[in-house]
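1. Any chance you could fold what I've pasted below:
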Amino acid sequence: MFFRNKITYWYENNRRDLPWRRTADPYNIWISEVILQQTRINQGINYYYRFIELFPTVEKLAKADEELVLKVWQGLGYYSRARNLRQGAIDVVNNYNGKIPTSYKELLKIKGIGEYTAAAIASIAFNEPVAAIDGNVFRVLSRFLGISEAINSTRGKIVFRQKANELMDIHQPGTYNQAVMEFGALACTPKKPDCDNCPLASHCFALKNKLVEQLPVKLPKNSKRTRFFSYFIIIDNESILLNKRTQNDIWKNMFDFPCIETNIEASPEKLTETSEWLQIFGAKKVEINKISKNITHLLTHQKIVIQFIHVSAKPSEMAVNKQFSIYNKSEAQKLPCPKPIVIYIEKENLF
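-> Presented below is the predicted three-dimensional model:
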């Protein structure tokens, strides 16, 4: 009771005015929750407005071309979120007559909706008392209750879910869930939390026992896999050669340049000895005009080291592999591309 009352009162007086908090529409809440996964609010809010403007209903999203959805998502990263969101909309239209399910259990059946998103939609839009647990909630509960189980362990997830549901406000679950998340985002932050002004301070286990910096506990991550991408810029005044990534890999169904991937950093001379070089260039001799400095792009479980190599060939001479396509520059501007590709295109003013 103490926790619920204090956290809700704090929220009513300190919450941010955000567009998805002005509605109980489950579609808008769904969109916002997916966008804000792995994304800061100040970045995600513009994407939210743009996404809702272009796809105002679940039916519009279900009918949208995947390339357009990915293009709108471009720059947010974690592109599987966008693909799953569109597929989830298709599931809703095909299996639920376009009506988003009203229960936590049914929401879990929708493509791309996991436990957290299902709980957020169910509690905020449909007033179902189920706890929504994100990183902010893990941190608040760990510190307040003194939970030392690792938040990324199987046992830890069970313990936190049990405790979160025990604390749930069954009368206003949506407000309560948002209150705990907001408190973690603004007050009980990962570093330098505002303990001096914390409404929970008198009952906080971590503060009493000087464990604020030690909680929550998280198991160490496995080391990132490093991959080396050598991209070839094959362009002329009117057109450019691009590759659509169709494999079950990063950036699926997005567009980049013809690429040779290696396990270690490779010089252009080494690249000419690979089978991938033949797939791109065939027997044609090409000159290298320019090589960029290495660019490192970090993903959750991978580190991508990229070099861009400008060559003398024309796109019309190089389309020897069916996975590559020639696009005029105005067409290319409309295609969804991974962030490092977009940055390089803009830096070099390629089109």
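2. quick one, strands of this structure?
-> Along the chain, the stretches classed as strands by DSSP state E are 225-233, 239-244, 255-256, 259-262, 288-291, 295-298, 302-311, 324-328.
3. what packs against the fourth one?
-> Looking back up the chat, that one is strand 259-262. Applying 3 or more CB pairs under 8 Å, 6 or more residues apart in numbering; DSSP states H and E, we find strand 259-262 packed against strand 225-233, helix 268-271, helix 275-281. The way it works is simple: take the backbone N, C-alpha and C, and place the C-beta from them, glycine included.
4. again with the third one
-> Of the remaining helices and strands, those touching strand 255-256 by 3+ CB pairs under 8 Å, 6+ apart are strand 239-244.
5. picking that back up, can you redo the strands of the chain as TSV with distance to Leu141 and mean neighbour count?
-> Shown next, in TSV, are the strands of the chain (distance: least, CB to CB, whole Å; neighbours: other CB atoms under 10 Å):
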stretch	distance to Leu141	mean neighbour count
strand 225-233	32	18
strand 239-244	44	20
strand 255-256	41	20
strand 259-262	42	16
strand 288-291	51	12
strand 295-298	29	13
strand 302-311	31	18
strand 324-328	50	17
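6. Can you add distance to Asp91 and mean pLDDT and give the ones you listed back as JSON lines?
-> Output for the strands of the chain, formatted as JSON lines (distance: least, CB to CB, whole Å; pLDDT from 0 to 100):
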{"stretch": "strand 225-233", "distance to Asp91": "32", "mean pLDDT": "97"}
{"stretch": "strand 239-244", "distance to Asp91": "25", "mean pLDDT": "94"}
{"stretch": "strand 255-256", "distance to Asp91": "26", "mean pLDDT": "96"}
{"stretch": "strand 259-262", "distance to Asp91": "33", "mean pLDDT": "96"}
{"stretch": "strand 288-291", "distance to Asp91": "45", "mean pLDDT": "94"}
{"stretch": "strand 295-298", "distance to Asp91": "32", "mean pLDDT": "96"}
{"stretch": "strand 302-311", "distance to Asp91": "29", "mean pLDDT": "97"}
{"stretch": "strand 324-328", "distance to Asp91": "30", "mean pLDDT": "92"}
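7. among those, which is nearest Glu53?
-> Counting by CB to CB, Glu53 lies closest to strand 255-256 out of the strands of the chain; the figure is 23.5 Å.
8. List the contacts of that closest one.
-> 231, 242-245, 332, 335-338, 341 (CB atoms under 8 Å, 6 or more residues apart in numbering).
9. ok, now with 6 Å
-> With contacts defined as CB atoms under 6 Å, 6 or more residues apart in numbering, strand 255-256 is touched by 242-244, 335, 337, 341.
10. Give the buried residues for stretch 121-130.
-> 121-126, 128-130 (16 or more other CB atoms under 10 Å).
11. How far away from the center of its chain is that stretch?
-> 23 Å (CA atoms, centre = their mean, to the nearest Å).
12. Could you tell me the average pLDDT over it, please?
-> Across stretch 121-130, pLDDT averages out at 98.
13. contacts for it?
-> Looking at stretch 121-130 with CB under 6 Å, 6+ apart, the contacting residues turn out to be 24, 26, 29-30, 102, 104, 107, 119, 168, 170, 173-174, 177.
14. Just the ones of these in helices?
-> Those of the contacts of stretch 121-130 mapping onto helices are 26, 29-30, 104, 107, 119, 173-174, 177, per DSSP state H.
15. Which of those sits closest to Glu317?
-> In terms of CB to CB, no member of the ones in helices among the contacts of stretch 121-130 lies closer to Glu317 than Trp30, at 46.9 Å.
16. tell me how far the ends of stretch 326-342 are from each other?
-> 18 Å (CA to CA, to the nearest Å).
17. and that stretch, which residues are buried?
-> Within stretch 326-342, the residues that count as buried by 16+ other CB under 10 Å are 326-327, 332, 335-338, 340-341.
18. wait, which of the residues you listed is closest to Ile306?
-> Once CB to CB is applied, the member of the buried residues of stretch 326-342 that ends up nearest Ile306 is Pro340, at 5.7 Å.
19. Surely that closest one touches Leu299?
-> No: assessed by CB atoms under 6 Å, Pro340 is found out of contact with Leu299, at 10.4 Å.
20. what's the neighbour count on Cys105?
-> One correction, residue 105 is Lys, not Cys. Lys105: 11 surrounding residues under other CB atoms under 10 Å.
21. Give me the most central residue, the protein.
-> Compute the mean C-alpha point of the chain, and by CA atoms, centre = their mean the closest residue is Tyr78, 3.7 Å away.
22. For Thr39, see how far away the nearest residue to Gln43 once chain neighbours are set aside is.
-> Excluding the flanking residues, the one nearest Gln43 by CB to CB, 6 or more residues apart in numbering is Leu76, at 7.7 Å. Leu76 sits 6 Å away from Thr39, taking CB to CB, to the nearest Å as the criterion.
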